[in-house]
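Novice: Turn this into a structure:
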Amino acid sequence: MFEKLINRGTLMTVIVGVVVVLGVVATFKVPVQMIPDLDVRTVQVRTSWPGATPQDIEKEILIEQEEYLRSIPSLQRIEATASSGQARVELEFPQGVDINEALIRVNNALSQVPSYPNNVNQPRIFAESFSSNSFMYFRVAPLDGNPRGLDMDMMRDFVSDNVRTRMENV
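Specialist: The predicted model follows:
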């Protein structure tokens, strides 16, 4: 096979030349961006209930919230998570949806939830866009019940001094 390619030197020169020309044209046509413009929009709802188990949070908070949030038009994805003392619902909307309008609809849907148990804090609503300046988020938390008795302030300082400085140098 290689003998045929070597014997047809003119054809190979033309093919290599075409590939080089296409590469040069593509270099000038393809835009260069440090951070790509990702317009995926998400809205997060966090509701805290100090001392509650994940099972209670799911039964008393998440099921009710999801029922009303599912009725929001143009909702693409909904994901709910229950952990000790906190409920988190993430709503994803497609590109082109006005995030401010989505926030209003989420707030209206949550206001229709009839009632929450005692000691439940009001839901907090956050809007996020992946096109922000941050390219990575991470969270450090002890295991449920904190079996090793880790001090959260000490963990925060460790992450800030060691992990964060290394990631900023990337």
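Novice: what bridges to Q44?
Specialist: Beta bridges link Q44 to E90, F126, judged by DSSP bridges.
Novice: tally of neighbours for it?
Specialist: 16 (other CB atoms under 10 Å). Glycine gets a C-beta too; all of them are placed from N, C-alpha and C.
Novice: which residues does it contact?
Specialist: R88, V89, E90, L91, I125, F126, A127, E128 (CB atoms under 8 Å, 6 or more residues apart in numbering).
Novice: ok, and what's touching the longest helix seen in the chain?
Specialist: Using DSSP state H, we find that the single longest helix of the chain is helix 9-29. Residues from elsewhere that reach helix 9-29, judged by CB under 8 Å, 6+ apart: L5, I6.
Novice: now do stretch 49-60
Specialist: 47, 61, 80, 82-87, 116-117, 119-121.
Novice: Check which residues of that stretch are buried.
Specialist: Across stretch 49-60, burial judged by 16 or more other CB atoms under 10 Å covers W49, A52, P54, D56, I57, E58, E60.
Novice: In this structure I61 contacts Q86, no?
Specialist: No - counting by CB atoms under 8 Å, Q86 is not a contact partner of I61; they are 9.5 Å apart.
Novice: among the contacts of Q44, which ones are buried?
Specialist: Applying 16+ other CB under 10 Å to the contacts of Q44 flags R88, V89, E90, L91, I125, E128 as buried.
Novice: Which residue comes closest to V89 once chain neighbours are left out?
Specialist: Residue nearest to V89 in three dimensions, not counting chain neighbours: V45, with 4.3 Å by CB to CB, 6 or more residues apart in numbering.
Novice: That neighbour and R88 touch, don't they?
Specialist: Yes - here V45 lies in contact with R88, judged by CB under 8 Å, at a distance of 7.2 Å.
Novice: quick one on the thing from earlier: reformat the contacts of Q44 as CSV; add pLDDT and distance to I99.
Specialist: Converted to CSV, the contacts of Q44 look like this (pLDDT from 0 to 100; distance: CB to CB, whole Å):
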residue, pLDDT, distance to I99
R88, 95, 18
V89, 95, 16
E90, 94, 14
L91, 93, 11
I125, 93, 11
F126, 87, 11
A127, 85, 5
E128, 67, 9
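Novice: now for those, which pair is the farthest apart?
Specialist: R88 and A127 (14.5 Å; CB to CB).
Novice: ok, T27 to V14 distance?
Specialist: With the distance defined as CB to CB, to the nearest Å, T27 ends up 21 Å from V14.
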